[in-house]
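Visitor: my questions are about this predicted structure, shown below with the sequence.
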Protein chains: 2
Amino acid sequence: MRDISPLQKERLAYKPKLAGALANGIKNIKLALGAETQAVADREDIKKLFSHVYGKPIAKFDTVGQDLSDELKNIGVILSGGQAPGGHNVIAGLYDAIKTANKENKLYGFLGGPSGIVDGKYMEMTDEIINAYRNTGGFDIIGSGRTKLETEDQFKKALEVCKKLNISAIVIIGGDDSNTNACLLAEWMAENNTGISVIGCPKTIDGDLKNDQIEISFGFDTATKTYAELIGNIQRDANSAKKYWHFIKLMGRSASHVCLEVALQTQPNITLIGEEVEAKKQSLNDIVSYMATIIAQRGNAGKNFGTALIPEGLIEFIPEMKVMIASLNDLLAGLEKDETYKNASQNQKYEIISSKLDTESANLFNSLPSQIKAQLLMDRDPHGNVQVSKIETEKLLIEMVREKLEEMKKQGSYKGKFADQAHFFGYEGRCAMPSNFDADYCYSLGYNAFALVQSGLTGYLSSIKNTTKPASEWVAGGVPLTMMMNMERRHGEMKPVIKKALVDLEGAPFKALEKNRDKWAKEDCYIFPGAIQYFGPSEVCDVTTITLQLEQEKQLVNV
Amino acid sequence: MRDISPLQKERLAYKPKLAGALANGIKNIKLALGAETQAVADREDIKKLFSHVYGKPIAKFDTVGQDLSDELKNIGVILSGGQAPGGHNVIAGLYDAIKTANKENKLYGFLGGPSGIVDGKYMEMTDEIINAYRNTGGFDIIGSGRTKLETEDQFKKALEVCKKLNISAIVIIGGDDSNTNACLLAEWMAENNTGISVIGCPKTIDGDLKNDQIEISFGFDTATKTYAELIGNIQRDANSAKKYWHFIKLMGRSASHVCLEVALQTQPNITLIGEEVEAKKQSLNDIVSYMATIIAQRGNAGKNFGTALIPEGLIEFIPEMKVMIASLNDLLAGLEKDETYKNASQNQKYEIISSKLDTESANLFNSLPSQIKAQLLMDRDPHGNVQVSKIETEKLLIEMVREKLEEMKKQGSYKGKFADQAHFFGYEGRCAMPSNFDADYCYSLGYNAFALVQSGLTGYLSSIKNTTKPASEWVAGGVPLTMMMNMERRHGEMKPVIKKALVDLEGAPFKALEKNRDKWAKEDCYIFPGAIQYFGPSEVCDVTTITLQLEQEKQLVNV
């Protein structure tokens, strides 16, 4: 049988494009430093916590400026957190830069995520290994993990491992939390005069690691294109068979960027955005009514089909749900020891709980389908808390919309039929073969990370800007991690964290949805993006997300 | 906002390749007729039922032979049954052939499936309409439907509509059932000297409409490539995160071709094939044990992840499940009026049912997770029968495998962790943009259908052979529909039907799975096919399914 697919074979041979200044080769890159920077908020607190790496200038690579060091360097690289398409290309870009600088330089990959550097589990990267992973999806080259690097003990162990391997820089490929921890590690390494620098790379398919300096996190482009392919196909099916409503949940708990981008690409009938739900203080009933109204309008016009996009984190954005879940957590902790409760039937349990919740939460709880009630009571995490992530939001909404439509039918305001299909897309896109954009962007991010190391910088995030333009016009550089930080409450304590980018309800991407969604609801404006293409015309293969294009256009207008 | 996506735009301009003899243009096609044919079985019965269209010769188009008629013809086309990628191209090929023959010829599309011709709902196809749908997925150009054309009354109404529109041929694009009905219609039209011919086109993503004359049904190539893309991505994710077992159900109730083809493309750890389950009389417990054994082996080797492919129709292939479901149908019909049963709690209901089933069925019923038991009792169709298609087989297997692994853990034979993710893929692929293969194949099938009409033939299926070779070597022709028929019991009556192609356990595709699956189970031999490509190297873009390639190789060896 086959070893690799025909497309895998072709993609291994693809030569990713490097950002402008980097394309001259690592030996011809010059460094230009800008003015000092400040944290996005809570400046004094952040400065105190990161006194050795705080407030550094923004770095930019160019054809004029300071020479980079050509010192020999061994570097360690870590993949942290959930997979995102292009991770292998960050490593390939880093590797190629390192080896172009000096064949004696070594790149070590720490295995299974951040725990690899603590436990000293690593492998040395070679041409053979790297060449088998170029332009491929997945994080399987060295594996990933979710261990958080944050304790003194971990840092000490990491230092020992680095000393043993003569490593003088660590590159951490991760999302906002992983890069917050990269900054903690950078600070500790600087404070202890270890001479070891730490550079981050912005990864997440969720798209919530972005700001003035970071235009897009890698993987968002490929993942959203993959989901858009599937949703386009489903819309074509819905529009052909004309008998199903497809409720489609999309990965992304903390922000609804994925949902928004996919909606802009496919123009579905209904799109829910968590940030809007929260800002408008919508109740679950508001959301169900909104959906049912559109379904009824279409049904009354003879269209008993459609598509609805639902962000994975929706439940956590609904204010009344947050209140109810918090109450449930308290309540269930107490009821755990209550014999009457423990011996009660399922329905009696619901009654007991309902009687102990405040009126609003009780009403909400009682309005939930029994399957969801059961899920809330049963599936709890080791701390006894309700596992919000396990709630099948798409099915919850289907059940509640069905009930609402039945009411409307009785009242005579709905004459259609409602048949449903539920989908959840996440794992389908996290490890897709990176699009040309992500392949090029990631390769540049990795190559650039080495340029930052050779600039003697630490506590920086690798940054490639101007990414809606061709790669030759991309601008490479680095952003101090502290610049993106503020203080937030986590598990009851104030912690320094990189500020998450939520969907901006005043931003151009959301405004585009808002302006069009009534039309998309009523008419069938479906767009069918099709599968990601690697070899065709540039407008098909190389263009990045609509979100980024709209954001950049907006910036131009503002400038 | 956009009207169409960049890829849609490019694909509209794609010029599909025509099969060898057809590429000379409709005016240069010559007809060669072979020897008379026979039904695949039950010849006397089939001959009696189809006395006017039975036993016709196989038709082949070539550069030498009889001239085709150049009479003016209006033609009606119908899309029947579930969507399959390429349907629009069948219509486009038919349209182009018709209009190339004579601009005065008209093509009418009947709306919403076979009911369109009965109810006289149609639209005339124009350049503008056809050009907006070339090489696109879906059946939305005229819609599809599941009405069965089989009664005298329907035939009479269809005839009236045809007379009104001066239609002298009907092309029906459908699966085995739709083509059986096409043959009934052809027979009726011939018997009544209407002068109206009926030609079928082989459609189904399920892949079960194939035989010596029909190498592949259209849509199977694109749908399986789309599912393989997703499963490859999921495998890369599993192999990167190393923490989930993905149980993936794939559309296809009557046969497991989709599962088999996708397995050959992606090399998952576990593949279930319904036809094998049936042939080996496997019990549900056998299947669960097989899966649990592999999961335990991998878990004990530190690999707590993997992928399992499950055909949608699995349940219906398990002999003991069939028996139990038949008993349940009888039992529940009686219990419906039983007051004790009706007032019983859910658990009491299970006990009542278990006490009334025979021992084997009772044991099987008791072994099912309660969610599945509830599904069996609750979700019943209008005739009161258990709705087998609603059983979430992937979740049933997850629950039962989990229990089995817990037992094994207690016995000390399993030391791993089992965390699951369930998926069901079907709607994601049925309306994907057709691959180059399906775009070319379908266009040729449609073009060819008109050549069959102009040959004066009726009761034929459009046939394009030699499809693993470049299109210039494809062989165009027609197969008498009666040749593929036999008698089968349907709803208690013997009916003529096109024989469904089940997975051949002696065929090369299944043998390839059988030979490799132990290795694929233990090792990580995952293949990542990636997204369907339209513009790249031919070995990436134009090659059809592994199933067909293996079947054709086998034939060559046999010849």
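Guide: Yes, it's here.

Visitor: got the contact list for residue A:235?
Guide: Contacts for residue A:235 (Cβ atoms under 8 Å, 6 or more residues apart in numbering or on different chains) come out as A:246, A:266, A:268, A:307, A:526, A:528. C-betas here are computed from N, CA, C, even on glycine.

Visitor: nearest to residue A:239, of those?
Guide: residue A:526 (6.1 Å; Cβ to Cβ).

Visitor: and for the closest one, nearest residue in space, chain neighbours not counted?
Guide: residue A:235 (4.1 Å; Cβ to Cβ, 6 or more residues apart in numbering or on different chains).

Visitor: rewinding a little: strands - which of the contacts of residue A:235 land there?
Guide: Residues of the contacts of residue A:235 located in strands (DSSP state E): A:246, A:307.

Visitor: the stretch 1-150 of chain A: strands as residue ranges?
Guide: For the stretch 1-150 of chain A, strands defined by DSSP state E, counting those that start in this stretch occupy the ranges A:30-33, A:59-62, A:66-67, A:74-79, A:106-110, A:122-124.

Visitor: pick the most deeply packed of the ones you listed.
Guide: For the strands of the stretch 1-150 of chain A, the largest average neighbour count (mean count of other Cβ atoms under 10 Å in any protein chain shown) is found in strand A:74-79, namely a mean of 27.

Visitor: quick one, it and strand A:106-110 angle?
Guide: Compare the direction of strand A:74-79 with that of strand A:106-110 by axes from the mean of the first three to the mean of the last three Cα atoms, to 10 degrees and you get 30 degrees.

Visitor: what about strand A:74-79, average pLDDT?
Guide: Strand A:74-79 shows a mean pLDDT of 98 in the predicted model.

Visitor: over to stretch A:151-170?
Guide: In this model, stretch A:151-170 has a mean pLDDT of 97.

Visitor: neighbouring contacts of that stretch?
Guide: With Cβ under 8 Å, 6+ apart as the criterion, stretch A:151-170 contacts A:73-78, A:106, A:108, A:117-120, A:122, A:149, A:182, A:185, A:188-189, A:192, A:194-199, A:453, A:458.

Visitor: what is the burial count for residue A:338?
Guide: Using other Cβ atoms under 10 Å in any protein chain shown, residue A:338 has 12 other residues around it.

Visitor: in contact with it: list those residues for me.
Guide: Applying Cβ under 8 Å, 6+ apart, no residues contact residue A:338.

Visitor: returning to what we had before: which among the strands of the stretch 1-150 of chain A is found nearest to chain B?
Guide: strand A:74-79 (8.3 Å; Cβ to the nearest Cβ).

Visitor: on contacts alone, who are the packing partners of the closest one?
Guide: Strand A:74-79 sits against helix A:87-101, strand A:106-110, helix A:115-119, helix A:152-165, strand A:167-174, with contacts defined as 3 or more Cβ pairs under 8 Å, 6 or more residues apart in numbering or on different chains; DSSP states H and E.

Visitor: in its sheet, which strands sit next to it, and in what direction?
Guide: Using DSSP bridges, the strands paired with strand A:74-79 are strand A:106-110 (parallel), strand A:167-174 (parallel).

Visitor: now the contacts of stretch A:151-170: which count as buried?
Guide: A:73-78, A:106, A:108, A:117-119, A:122, A:149, A:182, A:185, A:188-189, A:194, A:196-199, A:453, A:458 (16 or more other Cβ atoms under 10 Å in any protein chain shown).

Visitor: measure residue A:403 to chain B for me?
Guide: 17 Å (Cβ to the nearest Cβ, to the nearest Å).

Visitor: OK, contacts around that residue?
Guide: Contacts of residue A:403 by Cβ under 8 Å, 6+ apart are residue A:369.

Visitor: a markdown table for the strands paired with strand A:74-79, including distance to residue B:315?
Guide: Formatted as a markdown table, these follow (distance: least, Cβ to Cβ, whole Å):
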| stretch | distance to residue B:315 |
| --- | --- |
| strand A:106-110 | 45 |
| strand A:167-174 | 43 |
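
Visitor: quick one: mean pLDDT for stretch A:493-500?
Guide: In this model, stretch A:493-500 carries a mean pLDDT of 93.

Visitor: now that stretch, how far from the centre of its chain.
Guide: Between the centre of stretch A:493-500 and the centre of its chain there are 17 Å (Cα atoms, centre = their mean, to the nearest Å).

Visitor: let's see that stretch as PDB, backbone CA atoms only.
Guide: Output in PDB follows, covering the C-alpha atoms of stretch A:493-500 (Å, rounded to 0.1, in the frame of the first residue of the first chain):
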ATOM      1  CA  GLU A 493      -5.900  35.700  41.600                       C
ATOM      2  CA  MET A 494      -4.700  38.600  39.500                       C
ATOM      3  CA  LYS A 495      -2.300  37.300  36.900                       C
ATOM      4  CA  PRO A 496      -0.400  38.800  34.000                       C
ATOM      5  CA  VAL A 497      -1.800  37.500  30.700                       C
ATOM      6  CA  ILE A 498      -1.700  38.300  27.000                       C
ATOM      7  CA  LYS A 499      -5.000  40.100  26.300                       C
ATOM      8  CA  LYS A 500      -7.300  37.900  24.300                       C
END
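
Visitor: buried set for that stretch?
Guide: The neighbour-count check on stretch A:493-500 (16+ other Cβ under 10 Å) flags A:495, A:496, A:497, A:498, A:499, A:500 as buried.

Visitor: residues in contact with the nearest residue to residue A:224 once chain neighbours are set aside?
Guide: Spatially, and ignoring its direct neighbours in sequence, residue A:224 is nearest to residue A:261 (4.4 Å; Cβ to Cβ, 6+ apart). Listed by Cβ under 8 Å, 6+ apart, the contact set of residue A:261 reads A:207, A:220, A:224, A:228, A:509, A:545, A:546, A:547.

Visitor: one more: residue A:55?
Guide: Neighbouring residues of residue A:55 by Cβ under 8 Å, 6+ apart: A:36, A:37, A:38, A:47, A:480, A:482.

Visitor: go through those residues and name the one nearest residue B:53.
Guide: Nearest to residue B:53, judged by Cβ to Cβ, of the contacts of residue A:55 is residue A:480 at 79.8 Å.

Visitor: excluding its backbone neighbours, what's nearest that closest one?
Guide: Excluding the flanking residues, the one nearest residue A:480 by Cβ to Cβ, 6+ apart is residue A:56, at 4.2 Å.
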